[in-house]
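Asks: sequence and predicted model, in that order:
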Amino acid sequence: MFEGLSNRLNGVFDRLRRKGALGEADVAEALREVRVALLEADVALPVVKDLTAKVKERAVGQEVIRSVSPAQQVIKIVNDCLVEALGGGANDDGKRGVDLNAPAPVAILMVGLQGSGKTTSSGKIALRLKNREKKKVLLASLDVHRPAAQLQLETLAKQTGVGSLPIIQGQTPLQIAQRAMQVARGELYDVVILDTAGRLSIDEALMAEVAEVKQFAKPHETLLVVDAMTGQDAVNTARIFNEKVGVTGIVMTRVDGDARGGAALSMRAVTGAPIKLLGAGEKLDALEDFHPERIAGRILGMGDIVSLVEKAAETIDKEEAEKLAAKMQKGTFDLEDYASQLKQIGKMGSLSGILGMLPGVGKMKAQLENANIDNAILKRQAAIISSMTPKERRHPEILKASRKRRIAAGAGVQVNDVNRLLKQFDDMSAMMKRMNKLGQKGLMRGGLSNLIPGLGGRKPF
């Protein structure tokens, strides 16, 4: 979402390198480019003015710290200002995601315009609360205007394994909300998610309907769902909803698209309501907490290692990973294990998304795109391995031309694809053997120069 802004800002920082000190003229020139980058990213003008004013105040007159370049000082200053704009910093209460600190059943009111992803987000939140918080969740659709809206939420409830309020035709949104809270109390649900109707645009009827339901249900959380792709329209929608009915948090959807990111940077400053969750895909588990400091890190090309580790911890089978590690240490790693490893990586999401969390990868974006790195590669390699016999997977050295042709035909690929997979596996096996031979002390002494062929005698990375 922040690719364009990230590229522009990093270009500014690159031009600030090798300066002995940051003079006012240097800062002014850099800030002009930062201001243009923010405006092009669709950040609200008042937010741009405030952010650049804070950066200028803190950057002018900064002395060069020993071993730290001026560019790094500017990055630190801009990072701090971005974190504050996103809702972090000293005023951040540290709470992430949905707040359930209230007597059960906790009511969560979902509001927003039609097409923003409100119903899907309701299902995602239900799944998240069920799996992470171990809560008993009831989904209730209050949308009596859109055809099949109630059936859509009922289907999502079945997919996520949570409760769904039975549909009774002819009831008003208020009557459905009353019945949902009654069922929740009677059947001891922990959380009730009330999915309200949306409109194509904000009108008085929509606001009156939402206000009526909110007055009765007294939700602990009123979450506004906005589409990141709509830019400043999303910010205006959030501001009006907050003024008319009051919202406690924002769920931003479609952040995995090519939105310019300005809505996220503007939301907290314009509305006062924090972004709590990000919808990053169509899958029901594609929902993540909003962390201002991590988002700022992604914008400035510093990566997001913490989120990457969290994603790995959630998706990777620990027992399976330990088995693979043991086999690697013994040097008995085969193609069946390699297939298992590919499956674990695939669970973490798209490869481009994973790589985007690594520091410094932003500058390699073009090369990565040219290399066509995506999850199709994982699926293709898994298909190739699946086309092998158990003996071939355990003993890849027996794979000659005729076997490779059979495997390629079975997987629907070319023989070159089979050869490429085997080459990657051989390289991995060779590296693991060198690791075992060197041991921990050898690795510490030589680093990567001992592992990667052709680096012998060179300085370690």
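Replies: Sure thing, it's come through. Small disclaimer: the values here were computed from a predicted structure and weren't measured. Numbers count the residues shown, from 1 in each chain.
Asks: could you pull out the helices in the stretch 151-300 of the chain for me?
Replies: 173-186, 204-217, 232-244, 262-271, 292-299 (DSSP state H, counting those that start in this stretch).
Asks: per-residue pLDDT, residue 56?
Replies: Per-residue confidence (pLDDT) for residue 56: 81.
Asks: how many neighbours does it have?
Replies: Residue 56 has 17 neighbours, counted by other Cβ atoms under 10 Å. In this view, the C-beta of every residue, glycine as well, is placed from N, C-alpha and C.
Asks: off-centre distance for the host helix or strand of it?
Replies: Per DSSP states H and E, residue 56 falls inside helix 45-59. Here the centre of helix 45-59 is set off from its chain's centre by 27 Å, with Cα atoms, centre = their mean, to the nearest Å.
Asks: between that helix and helix 262-271, how big is the angle?
Replies: Computed by axes from the mean of the first three to the mean of the last three Cα atoms, to 10 degrees, the angle separating helix 45-59 from helix 262-271 equals 90 degrees.
Asks: helices or strands next to the helix or strand that helix 45-59 is followed by in the packing?
Replies: Per DSSP H and E, the first helix or strand lying C-terminal to helix 45-59 is helix 70-85. Here helix 70-85 is seen to pack against helix 3-15, helix 24-40, helix 45-59, helix 262-271, helix 292-299 when contacts are counted using 3 or more Cβ pairs under 8 Å, 6 or more residues apart in numbering; DSSP states H and E.
Asks: which strands or helices does whichever helix or strand comes after helix 70-85 pack on?
Replies: Next along the chain after helix 70-85, taking DSSP H and E as the criterion, comes strand 106-112. The contact analysis (3+ Cβ pairs under 8 Å, 6+ apart) places strand 106-112 against helix 118-132, strand 191-195, helix 204-217, strand 221-227, helix 232-244.
Asks: out of those, nearest to residue 426?
Replies: With respect to residue 426, and counting by Cβ to Cβ, the nearest of the helices and strands packed on strand 106-112 is helix 118-132 at 39.0 Å.
Asks: tell me what that closest one is packed against?
Replies: Using 3+ Cβ pairs under 8 Å, 6+ apart, helix 118-132 sits against strand 106-112, strand 137-141, helix 149-160, strand 191-195, strand 221-227, strand 249-253, strand 275-279, strand 287-289.
Asks: so which of these is nearest residue 73?
Replies: Across the helices and strands packed on helix 118-132, closest to residue 73 is strand 275-279 (Cβ to Cβ), at 27.9 Å.
Asks: would you put the C-alpha positions of that closest one in CSV?
Replies: C-alpha atoms of strand 275-279 as CSV (Å, rounded to 0.1, in the frame of the first residue of the first chain):
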residue,chain,number,x,y,z
ILE,A,275,-7.1,2.3,13.1
LYS,A,276,-7.3,-1.0,14.9
LEU,A,277,-7.3,-3.7,12.2
LEU,A,278,-6.0,-4.1,8.7
GLY,A,279,-7.7,-6.4,6.1
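Asks: so what are the sheet partners of it and their directions?
Replies: Its sheet considered, strand 275-279 pairs with strand 249-253 (parallel), strand 287-289 (antiparallel) by DSSP bridges.
Asks: if you average pLDDT over each of the helices and strands packed on helix 70-85, which is lowest?
Replies: helix 3-15 (a mean of 73).
Asks: buried residues, that helix. List them.
Replies: Within helix 3-15, the residues scored as buried using 16 or more other Cβ atoms under 10 Å are 3-6, 8-10, 12-13.
Asks: now, which of those sits nearest residue 407?
Replies: residue 3 (37.8 Å).
Asks: ok, back up a step: residue 79: which of the helices of the stretch 151-300 of the chain is closest?
Replies: helix 292-299 (5.2 Å).
Asks: shaky segments in the stretch 301-450 of the chain?
Replies: 301-332, 344-376, 431-450 (pLDDT under 70).
Asks: let's see it at 50
Replies: The model of the stretch 301-450 of the chain has pLDDT under 50 over residues 304-306, 364, 440, 442-450.
Asks: thinking again about what came up before, just the helices of the stretch 151-300 of the chain: most buried one?
Replies: Mean neighbour count (mean count of other Cβ atoms under 10 Å) peaks for helix 262-271 among the helices of the stretch 151-300 of the chain, with a mean of 25.
Asks: for that helix, packing partners?
Replies: With contacts defined as 3+ Cβ pairs under 8 Å, 6+ apart, helix 262-271 has these neighbours: helix 45-59, helix 70-85, helix 232-244, strand 249-253, strand 275-279.
Asks: run the last query once more with 6 Å
Replies: Other helices and strands packing on helix 262-271, by 3 or more Cβ pairs under 6 Å, 6 or more residues apart in numbering; DSSP states H and E, are helix 232-244.
Asks: residue 157 and residue 170, how far apart?
Replies: Remark: distance between residue 157 and residue 170 (Cβ to Cβ, to the nearest Å) = 21 Å.
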